[in-house]
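1. quick one, what's the 3D model for this:
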Amino acid sequence: MEDQFNWILTIAIFFPMVGGILILFTPQKEYVKLFAILFATIEFILCSYIFLYQYTNATSTPILVDLNSSWFPTNIFNVQYFLGVDGISAPFVFLTGLLGLVAIFASWNLSNTNRIREHFMWLLVLQGAVVGVFTSLDLFMFFIFWELELIPMYFLISIWGSGRKHYSAMKFLIFTILGSAFMLVGVLGIYFSTDSFNMIELPEKIATAKLIIPASMLFLLTIIGFAVKLPVFPLHTWLPDAHTDAPTAASVMLAGVLLKMGGYGMLRISASMFPNELHQFAWIIALLGTINIIYGAVITIRQTDLKRLIAYSSVSHMGFVLLGLSAASGAGATIGITGASMQMFTHGTITGLLFLTIGFMYDRTHTRYIPDLSGLAQNTPIIATGLIVAGLASLGLPATSGFIAEITIFLGAFQTWPIFTSISAFGVVLTAGYVLWMIQRTLFQNKLEKFNSLEDASIGEMFPIFVLIISIIGIGIFPSIISDMFSSGLQPIISNLQAIN
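-> Below you'll find the predicted structure:
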């Protein structure tokens, strides 16, 4: 492939990073939030353009490519500056732009005395790093951006978090670095077997190369690294602590896009480069997905902290991603993997709205302890509406994005793993139980006297709530907005899997 430059992806990665650095030098603190909104809005426009360009030019090959094959000094390792988007990555680029803007609005009530410049700087750097993960088509660059996002998230939790914030931030860092260590060994094994980091060429090269590490081991090394981020039981224990102690903006980004990096890596690298091994280990993936769904839902029922409840529910919902991916070994491969991709996208908007509204409620009540909350809908109907819509989407109510993603996964997975899928369906029942209990307990019981003076969402808080509600309902009614795009991007992977099947 010849060198070419469209620049739009490069700008989308580095614009928020540069904006974050400029915010550090903003002399007057009252302008910091305005500049942060400005930078995040421009980034959202860039990400939306990338999404719409892919939507109108649907293809299974990357577009908007930035490629410089000789940017690395002496380039003895064949490292390329290689960016591109296809139907798999474009929706996640859009999701990152959307939730990055939502995270800025979620920080609007942050005190000007609370190291505000650094806070918005780290949020913007995080956004740029995640866009880098989703657009990198060189394994070396992919790994660099994968590691880069650890730094801002660590500081966001450890500085602006609450409770055991230092413990939770360090636990997040240690777990993720350990996962990255497995992935790094896999990446190096791939490179020294093929002499290439090019993610477009690697599937074909791996199939014909003499591997220095068996393909099954390379598959497991990469998928373990991604399993920590998704997360997969029993590698999930960092997530509830990180969410509980993280500030609202960090929780929105963590649940909305960082977890999706794990599933994206499984599709882009593990499934794409090792289709035979995915077929071989599909039953284990299906088993782990079922455990995630049921275990996560059962543990969620016991939670009394709102953020911890949503954190464990994320473990359960990411199990559906594994279940959809496991359908790759049977007749339901196309439907199952498309459903897994849709689940990642829709879960991002749903949990983003859940953490956003819970954060707004905490700003007013100063508690997330469910037994201490009651009747909040009377004084905060707009915030309550956001929580209700997100909750109902989480349990899979028809006409919401959560329903269409889960039903697609079930239709695909049942053709391959009917027993695992039938057991997993019980997780939907458990989800309905804890979601409806949470909504009824916090919003619709008798209002406590101490909450009589609560104020509803401000205009700045209404905007992200309504944007996410529109996204959830819009995709629920018109799922082809993302399903067609995912299908086009997944076509090369699915074709290889169908050849094996």
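2. switch to C-alpha atoms for all contacts and neighbour counts from now on
-> Will do.
3. helices or strands up against the helix or strand containing Leu354?
-> Using DSSP states H and E, Leu354 maps to helix 333-365. For helix 333-365, the packing partners by 3 or more Cα pairs under 8 Å, 6 or more residues apart in numbering; DSSP states H and E come out as helix 90-106, helix 248-253, helix 259-265, helix 306-326, helix 381-394, helix 401-414, helix 459-477, helix 480-500.
4. can you list the weak-confidence ranges in the stretch 201-350 of the chain?
-> For the stretch 201-350 of the chain, no stretch has pLDDT under 70.
5. quick one: list the elements packing against the worst-scoring helix or strand of the chain on mean pLDDT.
-> None of the helices or strands of the chain scores lower by mean pLDDT, DSSP states H and E than strand 63-68, at a mean of 74. For strand 63-68, the helices and strands in contact under the criterion 3+ Cα pairs under 8 Å, 6+ apart are helix 8-24, strand 81-85.
6. hey, least reliable of the ones you listed by pLDDT?
-> With a mean of 89, strand 81-85 has the lowest mean pLDDT of these.
7. what's that one packed up against?
-> Secondary elements touching strand 81-85 (3+ Cα pairs under 8 Å, 6+ apart): helix 8-24, strand 63-68, helix 116-135.
8. keeping just the C-alphas, turn the first one into CSV.
-> Coordinates of the C-alpha atoms in helix 8-24 are reproduced here as CSV (Å, rounded to 0.1, in the frame of the first residue of the first chain):
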residue,chain,number,x,y,z
ILE,A,8,-8.6,13.7,9.4
LEU,A,9,-7.8,10.8,11.6
THR,A,10,-4.5,12.3,12.7
ILE,A,11,-6.3,15.5,13.6
ALA,A,12,-9.0,13.5,15.5
ILE,A,13,-6.3,11.9,17.6
PHE,A,14,-4.1,14.8,18.4
PHE,A,15,-6.5,17.7,18.4
PRO,A,16,-7.9,16.9,21.9
MET,A,17,-4.5,16.2,23.2
VAL,A,18,-3.2,19.6,22.0
GLY,A,19,-6.4,21.2,23.4
GLY,A,20,-5.8,19.6,26.8
ILE,A,21,-2.2,21.0,26.9
LEU,A,22,-3.4,24.5,25.9
ILE,A,23,-6.0,24.4,28.7
LEU,A,24,-3.1,24.0,31.2
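9. what's it packed up against?
-> helix 32-56, strand 63-68, strand 81-85, helix 116-135.
10. and for the longest one?
-> For helix 116-135, the contact count by 3+ Cα pairs under 8 Å, 6+ apart identifies helix 8-24, helix 32-56, strand 81-85, helix 90-106, helix 139-148, helix 150-160, helix 259-265 as packing neighbours.
11. now do the shortest one and helix 116-135, the angle between them.
-> Using axes from the mean of the first three to the mean of the last three Cα atoms, to 10 degrees, one finds that strand 81-85 and helix 116-135 are set 80 degrees apart in direction.
12. so what's Val321 up against?
-> By Cα atoms under 8 Å, 6 or more residues apart in numbering, the contact list for Val321 reads 263, 289, 339-341, 343-344, 409.
13. one step back: what's the angle from the helix holding Leu354 to helix 401-414?
-> 150 degrees.
14. buried residues in helix 333-365?
-> Across helix 333-365, burial judged by 16 or more other Cα atoms under 10 Å covers 333-361.
15. OK, contacts around the nearest residue to Leu24 once chain neighbours are set aside?
-> Closest residue to Leu24 apart from its sequence neighbours, by Cα to Cα, 6 or more residues apart in numbering: Arg117 at 5.3 Å. The contact partners of Arg117, taken as Cα under 8 Å, 6+ apart, are 23-24, 26, 29, 32.
16. re earlier: what's the closest of the helices and strands packed on helix 333-365 to Leu139?
-> Among these, the nearest to Leu139 by Cα to Cα is helix 259-265 (10.7 Å).
17. so what touches the closest one?
-> 88-89, 133-134, 223, 225-231, 321, 341, 344-345, 348.
18. how far off centre is it?
-> Put simply, helix 259-265 sits 6 Å off its chain's centre (Cα atoms, centre = their mean, to the nearest Å).
19. and which of the contacts of Val321 is nearest Thr56?
-> Ser341 (19.3 Å).
20. so the closest one touches Phe486, yeah?
-> Yes - look at Ser341 against Phe486 with Cα atoms under 8 Å: they come within range, at 6.9 Å.
21. shared neighbours, the two?
-> Ile88.
22. just give the nearest non-adjacent residue to Met438, would you?
-> Met438 sits nearest to Ile370 (Cα to Cα, 6+ apart), 7.6 Å away.
23. my read: that neighbour touches Leu306, true?
-> Yes - counting by Cα under 8 Å, Ile370 does reach Leu306; the two are 6.6 Å apart.
24. more neighbours, these two?
-> Remark: of Ile370 and Leu306, Leu306 carries more neighbours, 21 against 16, as counted by other Cα atoms under 10 Å.
25. off-centre distance for the least confident helix or strand of the chain?
-> Using Cα atoms, centre = their mean, the offset of strand 63-68 from its chain centre is 24 Å.
26. quick one on the thing from earlier: could you export the helices and strands packed on helix 333-365 as JSON lines, including distance to Ser374?
-> Formatted as JSON lines, the helices and strands packed on helix 333-365 follow (distance: least, Cα to Cα, whole Å):
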{"stretch": "helix 90-106", "distance to Ser374": "23"}
{"stretch": "helix 248-253", "distance to Ser374": "21"}
{"stretch": "helix 259-265", "distance to Ser374": "31"}
{"stretch": "helix 306-326", "distance to Ser374": "13"}
{"stretch": "helix 381-394", "distance to Ser374": "12"}
{"stretch": "helix 401-414", "distance to Ser374": "26"}
{"stretch": "helix 459-477", "distance to Ser374": "21"}
{"stretch": "helix 480-500", "distance to Ser374": "37"}
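27. so which of those comes closest to Asp241?
-> helix 306-326 (7.6 Å).
28. phi first, then psi, for Leu395.
-> phi -80, psi 0 (degrees, to the nearest 10).
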